[in-house]
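Peer 1: need coordinates for the below:
(2 chains)
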There are 2 protein chains.
Amino acid sequence: MNGAKAIDTGVADIDGVMDLLGRKARAAVQELAQASSDTKNTALREAAASLRARTADLLAANARDMADAAERENAPSLLDRLKLDKARIDAVAAGLEKIAALTDPVGEILAAWDRPNGLNISRVRVPLGVIGIIYESRPNVTADAGGLCLKSGNAAILRGGSESFHSSGVILDCLQVGLAAAGLPEGSIQQVPTTNRAAVGKMLTMTDYIDIVVPRGGKSLIGRVQQESKIPVIAHLDGLCHTYIDNAANPDMARDIVVNAKMRRPGICGATETLLVDESIAARTLPDIIEALVAAGCELRGDDATRALDVRIAPSSEIDWRTEYLEPILSIRQVDGLDGAIEHIATYSSHHTESIITDDAAHAEKFLNAVDSAIVMHNASTQFADGGEFGMGAEIGISTGRLHARGPVGVEQLTTFKYVVRGAGQVRP
Amino acid sequence: MNGAKAIDTGVADIDGVMDLLGRKARAAVQELAQASSDTKNTALREAAASLRARTADLLAANARDMADAAERENAPSLLDRLKLDKARIDAVAAGLEKIAALTDPVGEILAAWDRPNGLNISRVRVPLGVIGIIYESRPNVTADAGGLCLKSGNAAILRGGSESFHSSGVILDCLQVGLAAAGLPEGSIQQVPTTNRAAVGKMLTMTDYIDIVVPRGGKSLIGRVQQESKIPVIAHLDGLCHTYIDNAANPDMARDIVVNAKMRRPGICGATETLLVDESIAARTLPDIIEALVAAGCELRGDDATRALDVRIAPSSEIDWRTEYLEPILSIRQVDGLDGAIEHIATYSSHHTESIITDDAAHAEKFLNAVDSAIVMHNASTQFADGGEFGMGAEIGISTGRLHARGPVGVEQLTTFKYVVRGAGQVRP
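Peer 2: Residues are numbered from 1 along each chain as shown, chains lettered A, B, ... in the order given. All right, here's what the predicted structure looks like:
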């Protein structure tokens, strides 16, 4: 997807190959939906054991991917995401074991009630069906995504990046060892056996076989999937997150949260990109925060009022308010109080995560209510926007869409529900 | 949408008019999302009062629609759906009052938990935003859909059929009276002010303004919307529902349920279209059921084994298993027990509603688990597939899709949620 050339895998009839994957996934759906938690957990644990046992094979396959990437002169950041070592392989295996330890969402009774005519109605959680995952270079996604789909009773069709083709192949083999050990169908987790991009195009039209598509990766990947897909997509386009320092903020808390929200890991989607400050306390709180950010290596851009406080701040423009840097860069804007902050966020936010720093409970509640983002926070770092930090277990991504899944997408969000109606011969008058 | 010619409403710049509707709806969203239950209920009750007060105006507008329809030689069934009288207007007003009496879904805390680091996380129900409703001739949908959107805190853009244009206009005026009385923005409920079909095409591309589209009407309308829409759609394509008579069924219960499931109202989406019978008890149970169905005026089509039981049964073909008759016609097929029924349903069902009639609890549970439909029933008539019958209040339709809303779509299903995180200065390690 990112311009790497396709690996010749000897697959000529792409449509035929993809149709076969789709049929096999669809055929696995009923058995998977009814598989017991024990069966699914056995598959996950056996897959983890197989991964550990085949560490040497996986390292060799990964070395092949790394050599190909070096030959293609891929960026160092890509090479870092691609590279596996013994510790990373251990972490991938441990990830599968953690998924096994999660509560099984399938079969959960979400609500149950009786009607005056005696009908008993319950809303029961069931799998979505077949999930297509399209992702880029990280080979661990093969295990994470395959494992989350399996735990939630869904069949998975995985399409990884060509860079990680050989590594992902070994990981898939290990997942298949787990499925076989648990007696689950091979079609439960499959990998697209070609890196030809036409396979992605075909995949996005397979409405008869795939119920939902989840793209994981950069903007261009997600944009292409959202534009081309005939299948519903769960994706987040970007995380343009804001932290707002209210006039009733504790200055030390504000400084610590802002530095963490931007600089802990500037490249994650929950990193703060724009700092909003009530203009009435800017002169009092900002100098200390600017000092701490600069000391941490952050580049700063700001509006005129903020630049007047410190010469190291470059001028910001409209473009900055619209930019998800994903780098150690922060834009700063002074606003006319809480309403000004809410308005700025309504205009520029990507509706991912926003945080208010204040000791005024009424201000906090107003912000939490009025800001229309997947995650809204009070006195906390936006870097907490993460399924694991929420206690929801591993996640496949964070959705900024409003339908079906919003926020962290974990095993529960990969399910739907059905209504079960139990009667004793009732007919409708 | 159904071929009726557009009424000349003097609207020339359709794109401009639609953009304005979109902007006004989007501008209303924040105020609506935070409106109190009392405010919204006042609007609904005042709208109902206004409808009752303006009965004469509405009857006059409806007479105009009816005259136009007669001139166009529309079908009697359309004229019946279109026609309003005093009783029907009372029912429309009462419908708004019933929506006012429903529990407000907005602000409901769906879950709340504490993390070891002291963060408190809650999942809070919030409106979807702007909902586009596209429907056919029934003018009451203007009130029902507008009322359901308002109750759930959403702005609504309504596009009714040209047949009901004048009637819907008066109903919209009454809704506007309610909004004004409650101090809610005019943009909360709007109607597309032209019957030109190009307005629907434009509406389906307005991804910046509309969050979700709900089509209500016949297959061709829903099919067009699903195909053209760039906005996510909640719709059901058809209700090809099955009733299965198990070998452990009580014969009298089976007869009563089957007659009700087909003949109570053959034209609703929850009507049974195909009767499946375990072949081992067909000769014992079917003659009585056939007698009752024929007596009720039902036309029967069946496989060879069933036709051997009664000469009045016409031969069925593959097409019958795939047909939603919506008429007093039933297809009957004998199957090889429970597994045969599950297989037939997996192949032919539209995943709306299916029911098993049996006194064997294990058979019932297997059916309820294995059948992958929005609604599965045991010993009950498929005609109960209805939001009102489920106790969920008025519904905008029944979704056979798997994402977001499945089954009856009421006020809760017109919402999403956000995560609210409350901290005391936490930063992520």
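Peer 1: what does the lengthiest strand in chain A contact?
Peer 2: In chain A, assigned by DSSP state E, the strand with the most residues is strand A:415-426. Residues outside strand A:415-426 that contact it (C-beta atoms under 8 Å, 6 or more residues apart in numbering or on different chains): A:105-106, A:110, A:117-128, A:152-153, B:250, B:253, B:256-257, B:355, B:364, B:368, B:372-381, B:384, B:390, B:402-403, B:406-407. Where you see a C-beta, it was placed from the backbone N, CA and C, and this is true even at glycine.
Peer 1: if we go to 7 Å?
Peer 2: A:105-106, A:110, A:117-128, A:152, B:253, B:256-257, B:368, B:373-381, B:384, B:402-403, B:406-407 (C-beta atoms under 7 Å, 6 or more residues apart in numbering or on different chains).
Peer 1: from these, which ones fall inside helices?
Peer 2: B:253, B:256-257, B:368 (DSSP state H).
Peer 1: could you export those as JSON lines, including distance to chain A, pLDDT and neighbour count?
Peer 2: Compiled in JSON lines, those are given as follows (distance: C-beta to the nearest C-beta, whole Å; pLDDT from 0 to 100; neighbours: other C-beta atoms under 10 Å in any protein chain shown):
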{"residue": "B:M253", "distance to chain A": "4", "pLDDT": "98", "neighbour count": "20"}
{"residue": "B:D256", "distance to chain A": "6", "pLDDT": "98", "neighbour count": "18"}
{"residue": "B:I257", "distance to chain A": "6", "pLDDT": "98", "neighbour count": "29"}
{"residue": "B:L368", "distance to chain A": "5", "pLDDT": "97", "neighbour count": "20"}
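Peer 1: rewinding a little: buried ones among the contacts of strand A:415-426?
Peer 2: Among the contacts of strand A:415-426, the ones that count as buried by 16 or more other C-beta atoms under 10 Å in any protein chain shown are A:105-106, A:119, A:121-128, A:152, B:253, B:256-257, B:368, B:373-381, B:384, B:402-403, B:406-407.
Peer 1: gap between the longest strand of chain A and the chain center?
Peer 2: 33 Å (C-alpha atoms, centre = their mean, to the nearest Å).
Peer 1: ok, A:A100 touching A:L44?
Peer 2: Yes. With contact defined as C-beta atoms under 7 Å, A:A100 reaches A:L44; the gap is 4.0 Å.
Peer 1: who's more crowded, these two?
Peer 2: A:L44 (28 against 23; other C-beta atoms under 10 Å in any protein chain shown).
Peer 1: so who does the more buried one touch?
Peer 2: For A:L44, the contact set (C-beta under 7 Å, 6+ apart) comprises A:96-97, A:99-100, A:147, A:150-151, A:178.
Peer 1: just the residues you listed now: which is nearest A:D246?
Peer 2: Nearest to A:D246, judged by C-beta to C-beta, of the contacts of A:L44 is A:I99 at 39.2 Å.
Peer 1: who are the contact partners of that closest one?
Peer 2: Taking C-beta under 7 Å, 6+ apart, we find A:I99 in contact with A:44, A:147-148, A:151, A:393-394.
Peer 1: for the closest residue to A:S37 other than its chain neighbours, phi and psi?
Peer 2: Sequence neighbours aside, A:D104 is the residue nearest to A:S37 in space, at 3.9 Å (criterion: C-beta to C-beta, 6 or more residues apart in numbering or on different chains). As for A:D104, its main-chain torsions (degrees, to the nearest 10) stand at phi -70, psi 120.
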